[in-house]
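**Student:** whatever this is, show me its structure:
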Amino acid sequence: MTRFRRRRVTALSINRMIPNALTLLALCSGLTAIRFALQDRWEVAVVAVLVAMLLDGLDGRIARLMGATSELGAQLDSLSDVIAFGVTPAVMIYLWTLSDAGGIGWAACLVYAACCALRLARFNTALVEETSTPLASRYFVGVPAPAAAALALLPLVLSFVLGDLVLRSDVVSVLTLLGVAILMVSRVPTFSAKRLKLKAPQRLIAMVGMVIFVALLIGETWITVSLITLAYLVSIPLAALQHRREQRHGLPEIPDELVLPEDEE
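**Tutor:** Numbers count the residues shown, from 1 in each chain. Just a heads-up that it's a prediction; the model follows:
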């Protein structure tokens, strides 16, 4: 097994600091979502979390393209994820509906945030332990933190489309937070696009699809976000079934190389 060797942090050029700057911006965007939630500006708060997801998806990739991966960036990425995708969704859901649910509502928020921290700690530890279990290149182990944030906020996002009548419920929010928390720390394989490679015709289709997605996101923002999140939720059991089928056919699970924590999300 090829083990990734992290680079020591020495003097860095401004350009090589860009990935870490993006990570910090993701953290700030996540925290700003709490401020909007305190003002009952729920749509803007969710947008801030989505921006944090976008920045989180860019920082690791840009770091690798620029050859600027580092131990500092790896640790900073996980700390940012805990705040932006662990603490922020829990606080938002608490302010949205669980503040009147007493101790049970707060306990659900604590469990969600703690499981997010445990997930990222497990991932970082797996990269440095000599006896760590190799990670599958085509799958994440459990639900990644940004996807978990989207799932945790799904009732809130759906309420933008369908109204608050049923979705703004203590029971729905508690069950959602606890269910997503379990998925984060579980060993359930979930699809990962980090090793996805497209051939030339597929790239064109993917680019057209991206344009359609952006157009839908601009035109029908909350319907599009809701459908994407629901599609991801449906993909979880499908990934588990495919992973089990690949294991039965003896397909290799060990990747060519381990990946940085930036790759996790």
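
**Student:** quick one, phi/psi of Gly102?
**Tutor:** phi 70, psi -150 (degrees, to the nearest 10).

**Student:** burial count for it?
**Tutor:** Using other CB atoms under 10 Å, the number of residues around Gly102 comes to 10. C-beta coordinates here come from the backbone N, C-alpha and C atoms, glycine included.

**Student:** what do you get for Thr23?
**Tutor:** 28.

**Student:** confirm that it sits in a strand.
**Tutor:** No - the assignment for Thr23, made by DSSP: H, G, I helix; E, B strand; the rest coil, is helix rather than a strand.

**Student:** that one against Leu58, yeah?
**Tutor:** No - Thr23 is not in contact with Leu58 according to CB atoms under 8 Å; the separation is 9.4 Å.

**Student:** what separation do you get for Leu120 and Gln247?
**Tutor:** Separation of Leu120 from Gln247 (CB to CB, to the nearest Å): 26 Å.

**Student:** now the helices for the stretch 101-250 of the chain?
**Tutor:** Applying DSSP state H, counting those that start in this stretch to the stretch 101-250 of the chain gives helices spanning 103-128, 145-152, 154-162, 170-185, 200-219, 221-248.

**Student:** right, so those helices: which one is the most enclosed?
**Tutor:** Stretch with highest mean neighbour count among these: helix 145-152 (a mean of 25; mean count of other CB atoms under 10 Å).

**Student:** for it, give me every contacting residue.
**Tutor:** Outside of helix 145-152, the residues within contact range by CB atoms under 8 Å, 6 or more residues apart in numbering are 49, 52-53, 56-57, 81-82, 84-86, 88-90, 93, 112, 116, 119-120, 143, 176-177, 180-181, 183-184, 190, 225, 228-229, 232-233, 264-265.

**Student:** again, only this time at 7 Å
**Tutor:** 49, 53, 56, 81, 85-86, 89, 93, 112, 116, 119-120, 143, 176-177, 180, 183-184, 229, 232-233, 265 (CB atoms under 7 Å, 6 or more residues apart in numbering).

**Student:** for it, what is the distance to the chain centroid?
**Tutor:** Relative to the chain's own centre, helix 145-152 is displaced by 5 Å; criterion: CA atoms, centre = their mean, to the nearest Å.

**Student:** mean confidence score for it?
**Tutor:** What helix 145-152 shows for mean pLDDT is 96.

**Student:** over to stretch 205-223?
**Tutor:** For stretch 205-223, the per-residue pLDDT averages 91.
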